[in-house]
Every structure is written in structure tokens, then in C-alpha cells.
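J.: just a sequence and a predicted model for now, questions to come.
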Amino acid sequence: MTSDRNGPWRKTVPPRLLAVLCLAWLTAACSAPRHGLDACLTAGCESHREAVTLSARYRVRTDAGIAAARQTADFMEQAADLWGPLFGDPDPAVLPLEVRLHQNTADLSALLARRNLSPLATGLYLPGPTPTIHTTCCGKEPGHPYRTLLHEGTHQFVHLVAGCPVLRGHGDNTGVRLAIPLWLNEGLAAYYEGAFVTPDRLEAGRVAPLRLKQLQQALRRGRAPSVGSLMAKHYGASFAPVDYATAWGIVYALMQEAPLSVEKITGRQWIQGVVEKSRQGWGALDSISSNRPARRWWDLITERTRADFEAYLAGSGIGLPEWEARWRKWILSLP
Ligand SMILES: [Zn+2]
């Protein structure tokens, strides 16, 4: 990664953005890791000399040894195959996609502390200076570190693969600008996080049981945000666990092409259209090239995505309130 590419991105990302790109689970005490890569569970907590491995799309760096690096790279390649149909293949200019696997959990804790992020996060995606996923090798939560890799890996794909290449001639001809809104970014990350079955088996489209349970409880108690208010949240706004669950529920419904059956465009096709508009900069490349302040840029993509969703619904003759009513009923009907 060159400094030319990463400099402008770094300048446009306020620290608070990073908070919404981390996945908050309980982190592991190193003394009792219950879940993790085989190579890490057998190696204990001690750091090894740094190992690096390169696969077709990923570079994994770790202090957990070369076996853990290779295991992680293999998993990420499987995950990239999962993301490909929606996001497309990464442009060679953004490769390799970087992953940092920390055997020493104190290293991740220090990263989180430096950015005033929750110490409970099990990983994060840092979009700059070198866009990198960070997570720990071992953890207490089931499926660690695979679920975290899927969640943060989705954020990396949303940024680097579905993002908008910044125009040439403005000091950054290979940079990438995040161009989908917060709710969709987190909803997709939660959706793909649910694909984990085993380290060798990923299945997109599976229900994320904890997200569903939380969303159903919130809907029954009247504590879930409205779809409209969630879609209006911009980067930097607070995003509570119930917001993650709601974002998951919206994306899950759209990716399942339910509860709304639209003749011309399915929910999945709508999301694919958003990804394409993201790549094209929402027809606002002038705004990007003139270094529009990040907050205003995120307001713009948030508003345009919301308008695009309403236009999609209008194509089937319904408005957002009606869709939301059908969606709530469908979510509550799920076992
Ligand atoms: Zn996230």
C-alpha cells in the first residue's frame, strides 16, 4: 500500500467511524480461550516471531505462527468466494487485502484503547492508513475468530471492493471512498457473519439466531427503531445492539427476497444496484473530487440510498410504512 493511496482516506475518516466498524462480542481472557484456530488453541498465549502468508487475495500477518496464518488465509479465500456474487471481485489495485491476527490479545486491546473503542470488541476493520482487519486468534465466543473475520471482512469488501474509486487528478488516483450507508454496511456484515457453520463450511442466507431473537424481542416490546430512522443514521451516529439486529433483519429479508415479492426487481437485486451505484459514486463524483467533508458525503450517500429504496418500493406500488408492516410480520413469524 502506498502512502499516496492511503493519505487522503486517512484525512477523511473521523475517529468515530472506526467505532461502528468493530464487532462487539466479549473478548477472551487469554488464560481460558475456548474457541479459536486450532493452531492457536494448541500454541497457548505466547507470541511467536511474526509470520506472513500470501494467498490469491489476502495477506495475513500474525504472531501465532505460520500454520495459523495459512489457516486464516484459507478461510478468508472461502469467505471472498461468498462475497463475490454480491460485491464482485476485488480490483487488482486493492490487493492484497490485509488481515492481522493477534495471538497476544493485549495487542488488540491496545489498538482499541488508542481509538477509545470498547474493550469488549473482538475485532475491527481499520480503513487506514493500510486498510486492515484485526482480530485475536482465540476467544470465548462461539465461532471465534471466524464470525469476526466474516463481519470485519464484509466491511473490508464494502470499502475496497464496493467502494468508489476516487477520481484521478486529485492527488489520489487509487484510493477508494466508502459509499454505502451505515445501516447497510452493518446489516451486510451481520448477514455474512451468520454464514459460519464450520471453518470449512460457509452458507450465506442462514438466520443469525442471536440477531433474530434480539430483533423479535425488540419488535414485541416496541423497542426496535423504525426502518426509516435506522436508514437515516449516518456514520458517526451511535449504533446500539438493537440497531445491528434491525439492520441484520432488513438485509436478511431483502437477501431472502422476502417479505416483499416484487415482480421486476428482487431485494437482492436492489442491494446489487446499490453496490453498483456505490462504485459509481452515486453520480456525485464532483463532490468526491472536491474533497467534500466526510460528514456531508455520508449524509449524501445515506439520503440517496434511502430515496433509492423508496423508489424500489414504489416500483411495486407500496410505500415504506406498508413494507415495514409486512417486514415486521415476517420477522416475527420466523422460528
Ligand atoms: Zn460492523
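T.: Sure, I can see it. Just so we're clear, the structure is a prediction, and the values are computed from it rather than from any experiment.
J.: when you work out contacts or count neighbours from here on, use the C-alpha atoms and nothing else.
T.: Fine.
J.: by mean pLDDT, flag the weakest helix or strand of the chain.
T.: helix 3-12 (a mean of 28; mean pLDDT, DSSP states H and E).
J.: skipping adjacent residues, who's closest to residue 64 in space?
T.: residue 103 (5.0 Å; Cα to Cα, 6 or more residues apart in numbering).
J.: count of neighbours near the one you found?
T.: 26 (other Cα atoms under 10 Å).
J.: show the pLDDT at residue 107.
T.: Looking at residue 107, its pLDDT stands at 91.
J.: and the gap between whatever residue of the stretch 51-200 of the chain ends up closest to the ion and residue 70?
T.: With Cα to the ion, the shortest gap between the stretch 51-200 of the chain and the ion falls at residue 186, namely 4.9 Å. Distance check for residue 186 against residue 70: by Cα to Cα, to the nearest Å, it reads 27 Å.
J.: more neighbours: which of these two?
T.: Each of residue 186 and residue 70 has its neighbours counted (other Cα under 10 Å); residue 186 has more, 27 against 21.
J.: what's the helix or strand containing the residue of the stretch 51-200 of the chain closest to the ion packed up against?
T.: Secondary structure from DSSP states H and E places residue 186 in helix 182-193. On a contact count with 3 or more Cα pairs under 8 Å, 6 or more residues apart in numbering; DSSP states H and E, helix 182-193 meets helix 146-160, helix 227-231, helix 241-255.
J.: immediately after that helix, which helix or strand?
T.: Assigned by DSSP H and E, the successor of helix 182-193 is strand 196-198.
J.: for that next one, buried residues please.
T.: residue 196 (16 or more other Cα atoms under 10 Å).
J.: do stretch 68-87 as well
T.: Under 16+ other Cα under 10 Å, the buried positions of stretch 68-87 are 68-76, 79-80, 82-83, 86-87.
J.: may I have the helix or strand where residue 300 lies as CSV, with CA atoms only?
T.: Taking DSSP H and E as the criterion, residue 300 maps to helix 294-314. The C-alpha trace of helix 294-314 is given here as CSV (Å, rounded to 0.1, in the frame of the first residue of the first chain):
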residue,chain,number,x,y,z
ALA,A,294,-16.7,13.3,5.1
ARG,A,295,-19.9,14.1,7.1
ARG,A,296,-21.6,15.7,4.2
TRP,A,297,-20.5,12.9,1.9
TRP,A,298,-22.0,10.3,4.2
ASP,A,299,-25.2,12.4,4.5
LEU,A,300,-25.4,12.3,0.8
ILE,A,301,-25.0,8.5,0.4
THR,A,302,-27.4,7.9,3.3
GLU,A,303,-30.1,10.1,1.7
ARG,A,304,-29.6,8.7,-1.8
THR,A,305,-29.8,5.1,-0.6
ARG,A,306,-33.0,5.8,1.3
ALA,A,307,-34.5,7.6,-1.7
ASP,A,308,-33.4,4.6,-3.9
PHE,A,309,-35.1,2.2,-1.5
GLU,A,310,-38.3,4.1,-1.6
ALA,A,311,-38.2,4.3,-5.4
TYR,A,312,-37.7,0.5,-5.4
LEU,A,313,-40.8,0.0,-3.2
ALA,A,314,-42.7,2.5,-5.3
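J.: what's downstream of it, the next helix or strand?
T.: Note on helix 294-314: by DSSP H and E, the next helix or strand toward the C-terminus is helix 320-333.
J.: in that following helix, what counts as buried?
T.: Buried residues in helix 320-333 (16+ other Cα under 10 Å): 320, 323, 324, 327, 328, 331.
J.: make CSV from those and add pLDDT and distance to the ion to it.
T.: Output for the buried residues of helix 320-333, formatted as CSV (pLDDT from 0 to 100; distance: Cα to the ion, whole Å):
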residue, pLDDT, distance to the ion
320, 95, 25
323, 93, 25
324, 95, 23
327, 94, 23
328, 95, 23
331, 95, 21
